[in-house]
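J.: With the input below, show me the fold.
(chains A and B)
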2 protein chains.
Amino acid sequence: MINHRGPEFRALLPELESGLRWAFQTENDILIFPASGTGGLESAVANLLSPGERVLAVTIGAFGDRFADLAAAFGADVARYTLPWGEAADPEDLDDLLRREPDIATVLITHNETSTGVTNRLQALAEVVKRHQRLLVVDGVSSIGSIDLPVDRWAVDVAITASQKGWMLPPGVTMLGVSKAAWERQRSAKAPRFYFDWDRARKLQSKGMTFTTPALGILFGLREALTMMREEGLAAIFRRHLRIAAAFRAAAAALDLRLLADPEVASPTVTAIYFPDALAGEKSETVLKSWRDLGLVLGEGQGQLAGKIFRIGHLGAVYEDDVVATVQALERGLEANGHPVRRGAALAAARRALESSEPSLVA
Amino acid sequence: MINHRGPEFRALLPELESGLRWAFQTENDILIFPASGTGGLESAVANLLSPGERVLAVTIGAFGDRFADLAAAFGADVARYTLPWGEAADPEDLDDLLRREPDIATVLITHNETSTGVTNRLQALAEVVKRHQRLLVVDGVSSIGSIDLPVDRWAVDVAITASQKGWMLPPGVTMLGVSKAAWERQRSAKAPRFYFDWDRARKLQSKGMTFTTPALGILFGLREALTMMREEGLAAIFRRHLRIAAAFRAAAAALDLRLLADPEVASPTVTAIYFPDALAGEKSETVLKSWRDLGLVLGEGQGQLAGKIFRIGHLGAVYEDDVVATVQALERGLEANGHPVRRGAALAAARRALESSEPSLVA
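T.: Reported below is the predicted structural model:
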């Protein structure tokens, strides 16, 4: 550990800020807090909203619901634009909504919904929000650094991420980009804030410190992660994630498994797949355990999707060899639980997708 | 990393809770959040207070002020019982204050004030608070696990600590003990809360999970730290801290340096020492740099004590060899900056204190 009010930290912090600006594709201020991604979302709500204020939450899954609940907990009057789980938000519907509700000053959107493996068409949604001149706050926890999100080009006012996702780090740090318009709004917003107060955070960061004790261990890792990311290059990182996601979708199809998301909005960082009917419900626990015994740890379905789907997380330090190992274990675990499998077909399909030069793009 | 909604974490979490209950000397619920200690304090404010409510903050330094500011930021009407920096709170004054203000339902007290190296006489203060039947919230960030704080015996309703202090871990996790009376209060408290909501935290922890993604890396370390602490034993840990603090005070005296705190309330975990007059102010930076060049990183004075004092942190994994190395560097750095030094006297004084079987006790 180092003194977080000493010269080593004063050297480290600006290096992290500039690396994050590069990864966020932004000139905005970068703020860093010791907290999980939900803490980053709370900081946006506490710094931008006032009790009683009308706000729109676009929710396509569990994390969208969480963002909406968070705003409600801070006293906002939350309008929810809720999509069925597995679907993405429709820019035209958003346009209608904002036209009907001129009082909404802020729109909360999840870029990549981890619970369903769906990536919103953020560029199109952002265009709508900006056409209506509303503030745009994006939960980019599982997208920034893995999925293209050019913060300045798309005029995202607040973009939020967390260390354990594309940054390849242990959980415990949330990072945000904050635009001039968001700072402007912050001055008049009345929700209470202290730990997550952006003003205090910026003042101290400008002096090479953080307001409270920073999660140093994770920040040391972040320096290394940013170095690795610069070496690979953002465009290459985004392409790698797209290729790997396409490979998992191809493997699922070859295993006769149904995907939750439409391929057009399927996430480059997490793939949600239905259990075969014969293995859904209680049996799904057994299948997950079989996979665990093979060294493959997959996510369960959350909320209304519990027992119905499983989720493969593939963001950050995930490479082609990991796809091969995962697909093999996937196949073996299914076969062991009686699912009919043509051995090797899934792996062959995955390999073909990995070799394809033009992975499908979400934008 | 492991799946924080999987079986390994479901095994880890109860082990940590039970270890923390042991270290907190409590049967109360233990809650764990990814945040610095200030986040733990905020969780207490957000879960216990309501806007407009009168609350008493006992402040003997920068962290006491922070706790008071935090309550004010959440809309509480804060009465401040403020002591000059370097002094501890007086139980009789606290008694008078609470008698005069029957509307105060909650008292916020810093146990060990890191900015001044003063430990409040918490047992006596807690007796007063309990005699008046108020809720007692204790910032034990730099005390619990290092300084005796028998939470249940002293009837502390909320006790808060953080990973980077007595727990010998990187910063990023805050841990709290919450009493039945505090849970009762939480039900009627109206401050907004979401990330730090105790109710959500307890519900999820009872299922072997946390509400948001936990800071896994630090929690793995906590398991090991608790094992080490159980091996040494709480009483031995507390005695070690008292002995080491006494050694630093003895070394300071032998170096003709003045202590900020009265020895009766001097902290077992951090010692604040005045710079000699000739080295105070701007020159203090040079002295701190000399020490750093010798491998000794000391804390500067905060706020009104900037340039006047330096602080030696000695909590957690600090043993007799560390005292020896620190005192030697202390002496050399002072000598290099022209402070008259009788070589070896400080070390001899420190050694005598370390060997003493009856270190002075704060209670």
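J.: what sits against the residue nearest the centre of chain A?
T.: Nearest to the mean C-alpha position of chain A, by Cα atoms, centre = their mean, lies A:Ser142 at 1.9 Å. Applying Cβ atoms under 8 Å, 6 or more residues apart in numbering or on different chains to A:Ser142 gives the contacts A:111-112, A:114, A:165-166, A:267, A:269-270, A:315. The C-beta positions use only the backbone N, C-alpha and C, and glycine is treated the same way.
J.: who in the stretch 201-350 of chain A is up against chain B?
T.: Residues of the stretch 201-350 of chain A lying close to chain B by Cβ under 8 Å from any Cβ of the partner chain are A:211-218, A:292, A:297, A:299-300.
J.: most neighbours, which of these?
T.: If you count neighbours using other Cβ atoms under 10 Å in any protein chain shown, the busiest of those is A:Ala215, which has 35 neighbours.
J.: what stretches of the stretch 201-350 of chain A score poorly on pLDDT?
T.: Filtered on pLDDT under 70, the stretch 201-350 of chain A yields no residues whatsoever.
J.: Helices along that one, start to end?
T.: A:216-232, A:234-254, A:283-293, A:320-336, A:345-355 (DSSP state H, counting those that start in this stretch).
J.: Identify all contacting residues around the third one.
T.: For helix A:283-293, the surrounding residues in contact (Cβ under 8 Å, 6+ apart) are A:275, A:279, A:297-298, A:300-301, A:307-308, A:310, A:329-330, A:332-334, A:336-337, B:6-7.
J.: cutoff 7 Å now
T.: A:275, A:279, A:298, A:300, A:307, A:310, A:329, A:333, A:336-337 (Cβ atoms under 7 Å, 6 or more residues apart in numbering or on different chains).
J.: could you dump it to CSV, C-alpha only?
T.: This file holds the C-alpha atoms of helix A:283-293, laid out as CSV (Å, rounded to 0.1, in the frame of the first residue of the first chain):
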residue,chain,number,x,y,z
LYS,A,283,-33.1,-29.5,-13.2
SER,A,284,-31.2,-26.4,-14.3
GLU,A,285,-29.4,-26.4,-10.9
THR,A,286,-28.0,-29.9,-11.7
VAL,A,287,-26.8,-28.7,-15.1
LEU,A,288,-25.1,-25.6,-13.6
LYS,A,289,-23.5,-27.9,-11.1
SER,A,290,-22.3,-30.3,-13.8
TRP,A,291,-20.7,-27.3,-15.5
ARG,A,292,-19.1,-26.1,-12.3
ASP,A,293,-17.6,-29.6,-11.7
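J.: and the angle from it to helix A:320-336?
T.: Interaxial angle of helix A:283-293 relative to helix A:320-336 (axes from the mean of the first three to the mean of the last three Cα atoms, to 10 degrees): 130 degrees.
J.: what's the answer for the last one, then?
T.: Orientation check (the same axes, to 10 degrees): helix A:345-355 against helix A:320-336 gives 160 degrees.
J.: still on that earlier bit, now restrict the contacts of A:Ser142 to buried residues only.
T.: Neighbour-count burial (16 or more other Cβ atoms under 10 Å in any protein chain shown) is assigned, among those, to A:111-112, A:114, A:165-166, A:267, A:269-270, A:315.
J.: Show me chain A divided up by domain.
T.: Under automatic domain parsing, the residue ranges defining each domain of chain A are A:7-232, A:234-355.
J.: Mean neighbour count, these: which tops it?
T.: Comparing these by mean neighbour count (mean count of other Cβ atoms under 10 Å in any protein chain shown), domain A:7-232 ranks first with a mean of 22.
J.: Now do that one: distance to the chain's middle.
T.: Distance of domain A:7-232 from its chain centroid, counting by Cα atoms, centre = their mean, to the nearest Å, is 10 Å.
J.: Please apply the same query to stretch A:310-325.
T.: Between the centre of stretch A:310-325 and the centre of its chain there are 16 Å (Cα atoms, centre = their mean).
J.: Distance across it, terminal residue to terminal residue?
T.: Distance between the boundary residues of stretch A:310-325 (Cα to Cα, to the nearest Å) amounts to 17 Å.
J.: Stretch A:311-325 too?
T.: Across stretch A:311-325, first to last residue, Cα to Cα, it's 16 Å.
J.: And for stretch A:46-61?
T.: Taking Cα to Cα as the measure, stretch A:46-61 stretches 22 Å from start to finish.
J.: returning to that earlier point: tell me the one of the buried ones among the contacts of A:Ser142 nearest chain B?
T.: Of all the buried ones among the contacts of A:Ser142, A:Lys165 has the smallest distance to chain B: 9.4 Å, by Cβ to the nearest Cβ.
J.: From B:Ala126, how far out is the residue of the stretch 251-363 of chain A found nearest chain B?
T.: At 4.8 Å from chain B, A:Val297 is the closest residue in the stretch 251-363 of chain A, using Cβ to the nearest Cβ. Distance from A:Val297 to B:Ala126, counting by Cβ to Cβ, to the nearest Å: 45 Å.
J.: A:Ile109: helix or strand, and which one exactly?
T.: Using DSSP states H and E, A:Ile109 sits within strand A:106-110.
J.: Show me what that strand is packed against.
T.: Applying 3 or more Cβ pairs under 7 Å, 6 or more residues apart in numbering or on different chains; DSSP states H and E, we find strand A:106-110 packed against strand A:54-59, helix A:62-73, helix A:122-131, strand A:135-139.
J.: The residue nearest to the centre of chain A belongs to a strand?
T.: No. Per DSSP: H, G, I helix; E, B strand; the rest coil, A:Ser142 lies outside any strand segment and is coil.
J.: so the residue of the stretch 251-363 of chain A closest to chain B makes contact with B:Gly6?
T.: Yes. Counting by Cβ atoms under 7 Å, B:Gly6 is a contact partner of A:Val297 at 6.3 Å.
J.: and of the contacts of A:Ser142, the nearest to B:Trp154?
T.: A:Lys165 (42.0 Å; Cβ to Cβ).
J.: and the closest one, backbone torsions?
T.: Per-residue torsions, A:Lys165: phi -100, psi -120 (degrees, to the nearest 10).
J.: hang on, the earlier thing: how about the contacts of helix A:283-293, which pair is most distant?
T.: Longest distance between any two of those is 20.5 Å, between A:Gly307 and A:Ala329; criterion Cβ to Cβ.
J.: Any idea how many residues pack against A:Ser356?
T.: Residues lying near A:Ser356 (other Cβ under 10 Å) number 14.
J.: how close does it sit to A:Val323?
T.: Relative to A:Val323, and taking Cβ to Cβ, A:Ser356 is found at 13 Å.
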